[in-house]
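A.B. asks: would you be able to build a 3D model of this:
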Amino acid sequence: MISIVVPAHNESSVIARTLRQWVGNPASDQIRVVVVCNGCSDDTANVARRFGPAVNVMESNIARKTHALNLGDQIADVFPRIYVDADILITVDAILALASRLDEGGVLAVAPTADINLAGCSWLVRKYFGIRSRLPSSREGIGGSGVYALSEAGRKRFGQFPDITADDTFVRLQFRPEERETLPRVRSTVFAPRTLLQLIAVRTRAYRGTFELARRFPELRVNKGPANGRALIALFKEPRLWAGLLIYCGVNIAARCKATLGSRLGAHRWQRDDTSRAVLSDSIK
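C.D. replies: Prediction:
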C-alpha cells in the first residue's frame, strides 16, 4: 500500500483534477489518499468528498501547510508516503514508480522530474523558464516537482514538520545527495505563473523559505546539491540567451530583495500564485 497526503488550502478549482488521476484507476486499490483542507473558505472539502470513500477528507481551521502535513501524517498509516501539492498533476503509474524505487532500497527519498506547463504564460515568463531549464536546480525534484516520496526510514529522519515556508526544501536537506533521487522518467506537471509579477511573488516566497531554513536549521546546509552559479555564468557565452538571462537574473534579484526586506520588516504573508490555477481550472471545465 501507498499513502498520499495532499494539503489543500482553497483548491476547489484544481482538487478534482488532481484526485481524478488516482481514484477509479485499476491500480487505485494500492493507494490511500488523505486530503487535508486547511483554513479553506471555499468548496475544497466538498469537492474532495465527491470521490467517495477512496479519499479521506480532513478539515482544519488552521491555514498552514505544514500543520496540514502533520495532520495528514496522523491519518496516513502506511509507507511509502507521498506528499503531493493540490495543484500538481501526477499519474498513478508515476506514483507507483516512486514507491517502487523506494522499495528497491539505496535511497530514502525520491521525487519525479517536473514538466513545467507554460500554457497561458507571458513571453517574459517563458523566457525565464527557458533559462531555468538549463540549470542544475531544474533537475532537483524535491522542491521543484510539487511531489516527494519518503520511505518509512526516510520519514523517521525528522519529527513533525516545523512551521516553515519551504517544507519541501526542509525535507530534501534531511538527506545527503546520495540518499535522495530525482527520477528522470517519472514526471509531474507543474503549472507556472502566467505573469511576471506573479512569478516574482512565487520566487520571493522561495527566497524567504531559503533564508528561514538557513537561520533556523543551519546544520542542514551540508546536504545542499550543486549550485546554479557556474552553469548560469557559462550561459552568458551564448548571445542568443542574453534576453532570457536578463529576465532570469532580474526576477531573482527583485525576489531576493523583496524577501530580504520582508524578513527585516517581519512580513510573512504567504505569496501564492492563483494565475496558474486559473489555467488548470480552465482546462477541466
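
A.B. asks: hang on, Met58 in a helix?
C.D. replies: No - secondary structure of Met58 (DSSP: H, G, I helix; E, B strand; the rest coil): strand, not part of a helix.

A.B. asks: for it, which non-adjacent residue is spatially closest?
C.D. replies: Excluding the flanking residues, the one nearest Met58 by C-beta to C-beta, 6 or more residues apart in numbering is Val36, at 5.0 Å. (C-beta placed from N, C-alpha, C; glycine too.)

A.B. asks: I figured the one you found hits His9, correct?
C.D. replies: No - checked against C-beta atoms under 8 Å, the pair Val36 and His9 is beyond contact range at 9.4 Å.

A.B. asks: any common contacting residues for these two?
C.D. replies: Counting by C-beta atoms under 8 Å, 6 or more residues apart in numbering, the common neighbours of Val36 and His9 are Ala68.

A.B. asks: out of the two, which sits in the more crowded spot?
C.D. replies: Between Val36 and His9, counting by other C-beta atoms under 10 Å, Val36 is the more crowded of the two (29 against 20).

A.B. asks: show me the contacts for that one.
C.D. replies: Counting by C-beta under 8 Å, 6+ apart, Val36 touches 5-8, 58-60, 68-69, 71-72.

A.B. asks: go again with 10 Å.
C.D. replies: Counting by C-beta atoms under 10 Å, 6 or more residues apart in numbering, Val36 makes contact with 5-9, 45, 48, 56-60, 65, 67-76, 86.

A.B. asks: which of those residues are buried, as a PyMOL select command?
C.D. replies: To isolate the buried members of those in PyMOL, using 16 or more other C-beta atoms under 10 Å:
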select buried, resi 5+6+7+8+9+45+48+56+57+58+59+60+65+67+68+69+70+71+72+73+76+86
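
A.B. asks: so which of the contacts of Val36 are in helices?
C.D. replies: Judged by DSSP state H, the contacts of Val36 include 45, 48, 65, 67-75 as members of helices.

A.B. asks: let's have those residues in CSV, adding pLDDT.
C.D. replies: CSV is the format used below for these (pLDDT from 0 to 100):
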residue, pLDDT
Ala45, 96
Ala48, 96
Lys65, 95
His67, 97
Ala68, 97
Leu69, 98
Asn70, 97
Leu71, 97
Gly72, 97
Asp73, 96
Gln74, 95
Ile75, 94
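
A.B. asks: from Ala54, how far off is Trp22?
C.D. replies: Separation of Trp22 from Ala54 (C-beta to C-beta, to the nearest Å): 8 Å.

A.B. asks: specify the local secondary structure of the residue nearest to Arg172 when sequence neighbours are not counted.
C.D. replies: Leaving aside its chain neighbours, Arg172 sits nearest to Ile142 (4.0 Å; criterion: C-beta to C-beta, 6+ apart). Look at Ile142: counting by three-state DSSP, its state is coil.

A.B. asks: right, and Ile142 touches Thr113 too?
C.D. replies: No - counting by C-beta atoms under 10 Å, Ile142 stays clear of Thr113, with 11.0 Å between them.

A.B. asks: the two: who's more crowded?
C.D. replies: Using other C-beta under 10 Å, the more surrounded residue of Ile142 and Thr113 is Ile142, with 26 against 18.

A.B. asks: pull the contacting residues for the more buried one.
C.D. replies: Counting by C-beta under 10 Å, 6+ apart, Ile142 has contacts 83, 109-112, 148-150, 168-175, 180-182, 225.

A.B. asks: let's see it at 8 Å
C.D. replies: By C-beta under 8 Å, 6+ apart, the neighbours of Ile142 are 109, 111, 148, 168-169, 171-172, 180, 182.

A.B. asks: out of those, who's nearest Gly159?
C.D. replies: The closest of the contacts of Ile142 to Gly159 turns out to be Val171 (C-beta to C-beta; 12.5 Å).

A.B. asks: count the residues that sit near that closest one.
C.D. replies: Counted with other C-beta under 10 Å, residues neighbouring Val171 total 23.

A.B. asks: which residues are in contact with it?
C.D. replies: Contacts of Val171 were listed using C-beta under 8 Å, 6+ apart, and they are 83, 109, 142, 148, 150, 158.

A.B. asks: and what of Ser12?
C.D. replies: Contacts of Ser12 (C-beta under 8 Å, 6+ apart): 40, 42-44, 47.

A.B. asks: of these, which is the most crowded?
C.D. replies: Thr44 (24 neighbours).
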